[in-house]
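*Asks:* let me see the structure of the following:
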Amino acid sequence: MAFQSPAPSSVRPRKSAGIVIFLCFLAIVFDGYDLVVYGAIVPKLLAYKPWGLSPVETGAIGSYALAGMFIGAILIGYLTDIVGRRKVMMASIAAFSLLMLLTAWAPTPELFGLFRFLVSLGLGGVIPTAIALTVEFSQSHRRNFNNALMFSGYAVGGILAALLSLAFLSSLGFQGMLALGGIPLVVVVPLLFKFLPESPAYLAAKGDRAQAERIVADYGLDQLPPVRIGGDTPEKGRFRTLLTGKLLAATVLFSLAGICGQTLVYGLNTWLPQLMVIAKYSLASSLTFLLTVNIGAVVGVLVSSRMADKFGPRNVTAISFACSGVALVLMGTGIMPLVAMYFLVAVVGFGSVGAQILVNGFVATYFSGATRATALGITLGIGRIGAVLAISGGGVLVAASLGNFINFSIWAVAAAIGVVAVLAVPRRGATQAENASAPAATSANTIHH
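*Replies:* The predicted model follows:
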């Protein structure tokens with residue numbers, strides 16, 4: 001079934017959609033901080049004599065957080081399509097901020113692991129909600145770029161964690177670095193309460209079309225599609241819709257790509273400092289490499305997302321995965337001079353964090369507004385399997401002392417699988433994902449279901 005979308009309103013918007021994207025960016029900054037600060041404190045955790053943690057135990061504790069994100073992303077991602085993006089965003093950020101403080105004050109490794117798990121339940125709800133809002137409040141020809149711009153907050157949070165760790169880890173210890181994760185409670189949540197609007201797609205799906213259209217007009221968004229009877233609607237059930245026909249194949253392949261992307265992102269951000277220490281670099285140098293990973297992610301993904309808006313996200317995302325795989329193999333050879341290593345680490349940042357951001361954008365533009373947050377929740381949630389395996393498996397890898405080549409190049413397997421998964425996603429004719437930003441599709445402005 002197809003319909004012709006109305007032309008965008010010529011009335012000048014009263015409010016800037018950039019505010020919404022910036023608020024989502026702020027929320028994601030602290031997600032990135034939480035991830036990377038754990039990687040930065042791993043050497044300190046291993047050296048903390050009262051707990052006497054081994055690399056395997058430290059990896060297991062890190063994986064608890066990702067297990068919580070698996071649950072949080074799926075359940076809360078689904079919940080956002082039922083109770084609204086705004087409420088879920090505020091509640092999720094408040095929860096993970098409070099729990100970060102409890103994690104910092106944990107007296108035992110068991111409670112530390114429990115609080116890390118609970119923190120991640122909140123974080124799991126932030127990511128799909130932020131992506132869904134960003135895509136919805138972006139013009140069709142800027143969706144991949146705006147999503148990348150917003151999600152670069154993840155890498156900015158990583159940069160912040162690396163810089164603060166370089167400056168204060170020795171004096172504050174791992175507890176102080178974790179306590180900084182409580183800042184969103186007093187900084188971000190009040191801003192969300194005051195400035196974050198509700199999703200027009202959610203309001204329209206709930207029957208409040210007048211309010212939805214007011215928000216569309218206020219922010220100068222693409223017009224809501226006309227009301228339709230039948231077809232791919234939420235009444236069929238969001239999970240059922242995603243588990244039928246081509247959407248089932250797409251959901252499976254996007255989930256596989258998410259597993260690969262999160263294997264690279266979480267595995268390397270957690271274990272890269274320790275891998276560099278094993279490779280005979282100092283702790284300070286290893287934290288600098290962690291900083292370089294995230295700088296490479298920010299710069300690379302902003303460039304690649306522009307290309308994704310112009311040419312479609314499929315091939316650009318596959319190239320990102322491929323770049324990270326090649327760079328990791330080269331890093332493992334042990335023959336690269338220091339300058340080349342920094343360059344390769346930056347490429348890994350682009351091809352790991354960058355590829356995952358592009359996968360998220362691909363998912364968000366592939367599925368309809370009625371199922372977008374649910375689809376993101378499923379693919380991000382299942383993707384946490386890769387994160388759990390990477391963080392726990394990274395501890396086993398470090399403990400096994402297999403040598404630098406295997407330590408680095410084994411991660412390239414995930415990159416190779418990611419390439420195949422992204423390229424295999426079924427095409428949906430003139431869907432948003434393939435054509436929303438291409439000139440021909442933009443002029444046609446037609447969506448097929």
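
*Asks:* count of neighbours near N146?
*Replies:* Residues near N146, counting by other CB atoms under 10 Å, number 23. Glycine gets a C-beta too; all of them are placed from N, C-alpha and C.

*Asks:* so how far is A132 from it?
*Replies:* 12 Å (CB to CB, to the nearest Å).

*Asks:* give me the neighbour count for G403.
*Replies:* Here the number of neighbours of G403 (other CB under 10 Å) works out to 12.

*Asks:* list the residues that contact L149.
*Replies:* For L149, the contacting residues are I21, F25, L302, S305, taking CB atoms under 8 Å, 6 or more residues apart in numbering as the criterion.

*Asks:* between the residues you listed, which sits nearest L185?
*Replies:* When the contacts of L149 are compared for distance to L185, the smallest value, 17.5 Å, is given by F25; criterion: CB to CB.

*Asks:* tell me which element the closest one falls in.
*Replies:* Using DSSP states H and E, F25 maps to helix 17-47.

*Asks:* which helices and strands does that helix pack with?
*Replies:* Judged by 3 or more CB pairs under 8 Å, 6 or more residues apart in numbering; DSSP states H and E, helix 17-47 is in contact with helix 55-83, helix 85-104, helix 109-136, helix 143-179, helix 184-195, helix 245-278, helix 283-311.

*Asks:* only the buried residues of the second one, if you could.
*Replies:* Residues of helix 85-104 classed as buried under the neighbour-count rule (16 or more other CB atoms under 10 Å) are 85-86, 88-104.

*Asks:* could you list every helix and strand in contact with that helix?
*Replies:* helix 17-47, helix 55-83, helix 109-136, helix 143-179, helix 184-195.

*Asks:* check the first one too.
*Replies:* Other elements packing on helix 55-83 under the criterion 3+ CB pairs under 8 Å, 6+ apart are helix 17-47, helix 85-104, helix 109-136, helix 200-205, helix 238-242, helix 245-278, helix 372-400.

*Asks:* next one: the last one
*Replies:* If you count contacts as 3+ CB pairs under 8 Å, 6+ apart, helix 283-311 packs onto helix 17-47, helix 143-179, helix 245-278, helix 313-332, helix 338-366.

*Asks:* tabulate the ones you listed (CSV), appending mean pLDDT.
*Replies:* Shown next, in CSV, are the helices and strands packed on helix 283-311 (pLDDT from 0 to 100):
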stretch, mean pLDDT
helix 17-47, 86
helix 143-179, 85
helix 245-278, 82
helix 313-332, 90
helix 338-366, 85
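
*Asks:* the residue nearest to I259 when sequence neighbours are not counted and L264, how far apart?
*Replies:* Across the structure, with CB to CB, 6 or more residues apart in numbering as the measure, the residue nearest I259 apart from its sequence neighbours is G386 (3.6 Å). Between G386 and L264 the computed distance is 8 Å (CB to CB).

*Asks:* overlap of the contact sets of those two?
*Replies:* Shared contacts of G386 and L264, defined by CB under 8 Å, 6+ apart, are found at A414.

*Asks:* related to what we said a few turns ago, burial measure for the residue nearest to I259, as a count.
*Replies:* Applying other CB under 10 Å, we find 28 residues neighbouring G386.

*Asks:* so it versus V413, what's the distance?
*Replies:* In this structure, G386 and V413 are 11 Å apart, going by CB to CB.

*Asks:* overlap in contacts of these two?
*Replies:* Once CB under 8 Å, 6+ apart is applied, it turns out that G386 and V413 contact no residue in common.

*Asks:* host element of A212?
*Replies:* Assigned by DSSP H and E, A212 falls within helix 209-219.

*Asks:* what are the buried residues along that helix?
*Replies:* Using 16+ other CB under 10 Å, the residues of helix 209-219 that count as buried are A212, E213, I215, V216, A217, D218, Y219.

*Asks:* which helices and strands does that helix pack with?
*Replies:* Other elements packing on helix 209-219 under the criterion 3+ CB pairs under 8 Å, 6+ apart are helix 200-205.

*Asks:* S320 reaches F350, doesn't it?
*Replies:* Yes - here S320 reaches F350: they are 6.5 Å apart, a contact under CB atoms under 8 Å.

*Asks:* which one's more surrounded, those two?
*Replies:* Set S320 next to F350 and count neighbours by other CB under 10 Å: S320 wins out with 32 against 26.
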